[in-house]
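A.B. asks: here is my input; please provide its structure:
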Amino acid sequence: HRLIRRQRQMCIRDRGYNKEGNVFIGIAFVTSEVCPDAVWGFRSKISTLIGVNKEGKIVGIKILSESEDNRYTKGLLKEGSWFINQFIGKSIRDTFAVGKDIDAISGATISSTAFIHSIHKGLYLVSNLILNARKEAFQEEPVQEEPVKFASSVSFLTQVDFLVLFIIGLALYGYIMRKKFLRYITLAFSIVYIGFIKGGGASISDVVRIFRFEFPVFSNNFYWYSLWIVIILSLIFLGRFYCGWLCPFGGIQEVLHRINPLKVLVSFSADKYVRLIKYLNLTIILVIAFLAKNINLANNIAAFIEPFATFFKISGVRIVWIYLGIIIIASFLIPRCYCRYFCPLGAFFAFIDTATSSTKLKMARIELPEKNNCKGCKIASKVCHMGGICYEEKEGRASLEKSECIKCNECKFVCPAIWERNELS
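C.D. replies: Model prediction:
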């Protein structure tokens, strides 16, 4: 009776017997039913059917449903792939530690570690609560007498992403000390590591995940937590620091614009209206995600609007490649074109920055010189990547659209009056 009750509580799909029906050979369970809190990947739940023999070893895996981005998972979340096959024969005696006895999908750390953790947790529950209960009932040797050690118990130092911490630290040092060359070095590191190696940096899908309280497993996602802790704290205390110093796709756009001698000057009035597109993009994604409650559709739209995954992973559908091509061409002519007009994450950051700008917590505010200190050279407006500085002829001074400021410090480097007025870089 205890065994049957535990099976019902854990939603065990089936118990396996031999052809005669009198020899127990194993059980099957679905991870989304046994451990629903552990199956969230980067974009969706990864529901998996697991077959376990009576010794507690995995003998079969079948993914029932998932909507992860194929640009990151590279089609490896399917039967027969090396990623799936490595679990066959595993039991709760294995640590399921990434880099030790299990390999994650490069560039899809959140998806693969969620998959690993859900299998490990489900296997632990099934082995200890079902298989062992049955063995106790029939006076057989239990699968394992000692409690399992989850991947989260693996040495913390082996999971720390020291390179991303170095990049973040270098960016903060360069920002505070007003070192222009360090910004370029930081962006170069960001393009290579956060972009090409890690897959593109922060995404609006992360914002949706955070507001839904669907966080990845901490032990194997230190990079994700490090990046977002810095983003949130910098938004509160500094502003859009991530956009100006750490965003890899923003760095790519700056490179493209600098190598092209032909520039297109967008008027401040026109710029002000066109940049509303990014707020529209943000609204569409949030409405679909939270009001329509269609997470998969919201993530699919985000995957189209945010082309940097296609750029850095060099993988994507044709329509996204066309869209990315347009963005790249436009970035040659207009500085940070995507950041200015299309980025929903930038729109979200602008909203948070504006909401916190009047608080005492904000340590860095860009203040432009007063009329009597402004020479009217317009040099600051020319170097502003976001087109946020406009010289007003009638007023005889420049004005700043503060929500568009990405704290790149370019205006301070070229204008002594701005440099002198702002004590904290």
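
A.B. asks: can we go C-alpha only for contacts and neighbour counts from here?
C.D. replies: Will do.

A.B. asks: does the closest residue to Cys35 other than its chain neighbours lie in a helix or a strand, and which?
C.D. replies: Of all residues not flanking Cys35 in the chain, Gly122 sits nearest, at 6.0 Å (Cα to Cα, 6 or more residues apart in numbering). Assigned by DSSP states H and E, Gly122 falls within helix 109-126.

A.B. asks: repeat for Lys62
C.D. replies: Lys62 belongs to strand 58-65, assigned by DSSP H and E.

A.B. asks: follow-up on the earlier one: mind giving me the packing neighbours of the helix holding Gly122?
C.D. replies: Counting contacts by 3 or more Cα pairs under 8 Å, 6 or more residues apart in numbering; DSSP states H and E, helix 109-126 packs against helix 31-34.

A.B. asks: give the next helix or strand downstream of the helix it packs on.
C.D. replies: That would be, after helix 31-34 and using DSSP H and E, strand 47-53.

A.B. asks: okay, now the sheet partners of that following strand, with direction.
C.D. replies: Strand pairing for strand 47-53, determined by DSSP bridges: strand 24-30 (antiparallel), strand 58-65 (antiparallel).

A.B. asks: for the first one, list every residue counted as buried.
C.D. replies: Neighbour-count burial for strand 24-30 flags Gly26, Ile27, Ala28, Phe29, Val30 (criterion: 16 or more other Cα atoms under 10 Å).

A.B. asks: that one vs helix 109-126, what angle?
C.D. replies: 140 degrees (axes from the mean of the first three to the mean of the last three Cα atoms, to 10 degrees).

A.B. asks: could you do the last one as well?
C.D. replies: Per the same axes, to 10 degrees, the angle that strand 58-65 makes with helix 109-126 is 130 degrees.

A.B. asks: hmm, who's touching strand 58-65?
C.D. replies: Residues from elsewhere that reach strand 58-65 (Cα atoms under 8 Å, 6 or more residues apart in numbering): 45-53, 77-79, 84, 87-91.

A.B. asks: got the buried residues for the next helix or strand after it?
C.D. replies: Using DSSP H and E, the helix or strand that follows strand 58-65 in sequence is helix 70-73. By 16+ other Cα under 10 Å, the buried positions in helix 70-73 come out as Arg71, Tyr72, Thr73.

A.B. asks: quick one: contacts for the nearest residue to the last one once chain neighbours are set aside?
C.D. replies: Ranked by Cα to Cα, 6+ apart and with sequence neighbours excluded, the top spatial neighbour of Thr73 is Ala108, at 5.6 Å. With contacts defined as Cα under 8 Å, 6+ apart, the neighbours of Ala108 are Tyr72, Thr73, Lys198, Gly199.

A.B. asks: and the last one, how many neighbours does it have?
C.D. replies: When you say that, I think you mean Gly199. Using other Cα atoms under 10 Å, Gly199 has 25 neighbouring residues.

A.B. asks: my guess is it contacts Pro307. True?
C.D. replies: No. The pair Gly199 / Pro307 is not scored as a contact, 11.1 Å apart, by Cα atoms under 8 Å.

A.B. asks: where along this protein do the strands fall?
C.D. replies: 14-17, 24-30, 47-53, 58-65, 389-392, 397-400 (DSSP state E).

A.B. asks: what lies in contact with stretch 383-400?
C.D. replies: Outside stretch 383-400, the residues that reach it (Cα under 8 Å, 6+ apart) are 268, 271, 335-336, 339-340, 368-371, 374-376, 378, 380-381, 401-402, 404-406, 410-411.

A.B. asks: how far does it sit from its chain's centre?
C.D. replies: Remark: stretch 383-400 is offset 34 Å from the chain centroid, using Cα atoms, centre = their mean, to the nearest Å.

A.B. asks: now do the end-to-end distance for that stretch.
C.D. replies: One end of stretch 383-400 sits 13 Å from the other (Cα to Cα, to the nearest Å).

A.B. asks: so who does the residue lying closest to Ala28 once chain neighbours are set aside touch?
C.D. replies: Excluding the flanking residues, the one nearest Ala28 by Cα to Cα, 6+ apart is Gly51, at 4.4 Å. By Cα under 8 Å, 6+ apart, the residues touching Gly51 are Gly26, Ile27, Ala28, Phe29, Ile58, Val59, Gly60, Ile61.

A.B. asks: Gly51 pairs with what?
C.D. replies: Following DSSP bridges, Gly51 is listed with bridge partners Ala28, Gly60.

A.B. asks: okay, it: pLDDT?
C.D. replies: According to the prediction, Gly51 has pLDDT 90.

A.B. asks: show me which of the contacts of strand 58-65 are buried.
C.D. replies: Applying 16+ other Cα under 10 Å to the contacts of strand 58-65 flags 45-53, 77-78, 84, 87, 90-91 as buried.

A.B. asks: and the two most separated of those?
C.D. replies: Put simply, by Cα to Cα the two of these set farthest apart are Lys45 and Asn53, 25.2 Å from each other.

A.B. asks: low-scoring stretches of the protein, by residue?
C.D. replies: For the chain, residues meeting the criterion pLDDT under 70 lie at 1-22, 129-159, 219-220, 422-425.

A.B. asks: OK, contacts around the closest residue in space to Val192 that isn't next to it in sequence?
C.D. replies: Counting by Cα to Cα, 6+ apart, Val192 lies nearest to Pro248, which is 7.9 Å off, once chain neighbours are set aside. For Pro248, the contact set (Cα under 8 Å, 6+ apart) comprises Leu187, Ala188, Ser190, Ile191, Val192, Ile194, Gly195, Gly200, Gly201.
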